[in-house]
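Chemist: Sequence below, structure please.
(one chain, ligands or ions: 1)
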Amino acid sequence: METVDWVPEGVDLDRPNAARVYDYYLGGAHNFAVDRQMGDQAIAGWPELPMIMRANRAFLRRAVQYLAGQGIRQFLDLGSGIPTAGNVHEVARAADPTCRVAYVDHDPIAVAHGTALLRDEPGVTMIQADLRDPGSILTHPGIRATIDFDKPLAILMVAVLHFVSDTDDPAHIVAAYRDASAPGSALALCHATRGERNERAAEHRELYTRTTTPMTMRSRQQVATLLDGYDLVDPGLVYMASWRPEEGMPARPEVYPGLAAVGRLSTR
Ligand SMILES: C[S@@+](CC[C@H](N)C(=O)[O-])C[C@H]1O[C@@H](n2cnc3c(N)ncnc32)[C@H](O)[C@@H]1O
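Modeler: Presented below is the predicted three-dimensional model:
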């Protein structure tokens with residue numbers, strides 16, 4: 001087993017973990033041998049994976065830029081991963097330095113790093129919690145100190161709901177956050193789908209059964225259901241690379257098999 005000095009007590013270093021494998025795909029430093037091994041195995045079967053993860057990250061950035069441009073000043077990022085460079089608070093605060101951001105992740109490594117990274121960022125917080133328990137997050141003192149639920153906010157659920165199984169009823173979970181949001185609030189969502197790479201997607205899902213966070217890919221219809229109650233802004237629910245791309249429409253957006261959308265609640 002790898003020995004490192006920055007790991008919080010009780011963290012299982014024998015099993016790969018989604019937050020750290022994702023960090024590896026993005027070229028980060030917060031991962032272990034067991035995560036890199038799984039990442040390399042996944043990349044061997046699906047070489048475009050790092051590119052897909054970067055496309056997801058680019059969607060997150062564009063969605064936050066868009067929402068900040070629409071006047072949203074509070075962001076609740078559920079399943080944020082490790083908030084390293086280019087994360088939500090940096091993007092939002094480039095638009096307006098008064099933006100407030102709360103990061104939530106259930107992974108102790110992500111939270112240990114996030115807390116250290118955010119120490120000198122007033123108005124930005126990170127807590128360790130499971131998004132499947134909206135009550136604990138919506139009443140958490142750290143969240144309440146950062147986010148004012150009486151004002152419009154953006155809920156971000158980017159590349160995370162595919163780690164919530166059908167038995168946990170993701171639609172019900174998303175609805176709990178929606179119902180706690182003020183009129184005019186938003187949801188930005190990106191969710192793994194099979195796209196045209198059915199076999200690769202199935203192998204990939206199989207790999208994740210080894211992690212502490214198995215994966216459930218969903219169809220367009222299933223993802224659309226998660227957005228219930230929100231009015232989707234243009235271009236609606238699309239492959240993530242097609243959501244308001246900066247440099248023209250990608251030639252084959254289905255190569256990036258994540259479905260993305262931003263929705264708003266009506267203002268009254
Ligand atoms: C693929 S990463 C996405 C990170 C970030 N949202 C992005 O798109 O760049 C998925 C993150 O969701 C977290 N996660 C998975 N299930 C979760 C849960 N039930 N509650 C909170 N976080 C969760 C993982 O720990 C991981 O950090």
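Chemist: Can you give the distance from stretch 166-176 to the centre of its chain?
Modeler: Here the centre of mass of C-alpha atoms in stretch 166-176, compared against the chain's by CA atoms, centre = their mean, to the nearest Å, lies 16 Å away.
Chemist: what do you get for stretch 44-63?
Modeler: Once both centres are worked out by CA atoms, centre = their mean, stretch 44-63 turns out to sit 12 Å from its chain's centre.
Chemist: swap in stretch 52-68?
Modeler: Worked out by CA atoms, centre = their mean, stretch 52-68 lies 10 Å from the chain centre.
Chemist: How about stretch 216-223?
Modeler: Mean-position distance between stretch 216-223 and its chain equals 16 Å (CA atoms, centre = their mean).
Chemist: again with stretch 153-167
Modeler: The chain centre lies 7 Å from the centre of stretch 153-167; the measure is CA atoms, centre = their mean.
Chemist: what about it, start to end distance?
Modeler: When the termini of stretch 153-167 are compared using CA to CA, to the nearest Å, they are 28 Å apart.
Chemist: Provide a list of residues in contact with Leu187.
Modeler: Under the criterion of CB atoms under 8 Å, 6 or more residues apart in numbering, the neighbours of Leu187 are Ala154, Ile155, Leu156, Met157, Val174, Tyr177, Arg178, Leu227, Tyr230, Val262, Gly263. (Glycine included, C-beta is placed from N, CA and C.)
Chemist: could I get the residues you listed as TSV with secondary structure?
Modeler: Converted to TSV, the contacts of Leu187 look like this (DSSP: H, G, I helix; E, B strand; the rest coil):
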residue	secondary structure
Ala154	strand
Ile155	strand
Leu156	strand
Met157	strand
Val174	helix
Tyr177	helix
Arg178	helix
Leu227	coil
Tyr230	coil
Val262	strand
Gly263	strand
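Chemist: Now the two most distant members of those.
Modeler: Within the contacts of Leu187, two members stand farthest from each other by CB to CB: Tyr177 and Val262, at 14.6 Å.
Chemist: And the two? Which one has more around it.
Modeler: Looking at Tyr177 and Val262 with other CB atoms under 10 Å, you find the greater number of neighbours at Val262, namely 29 against 20.
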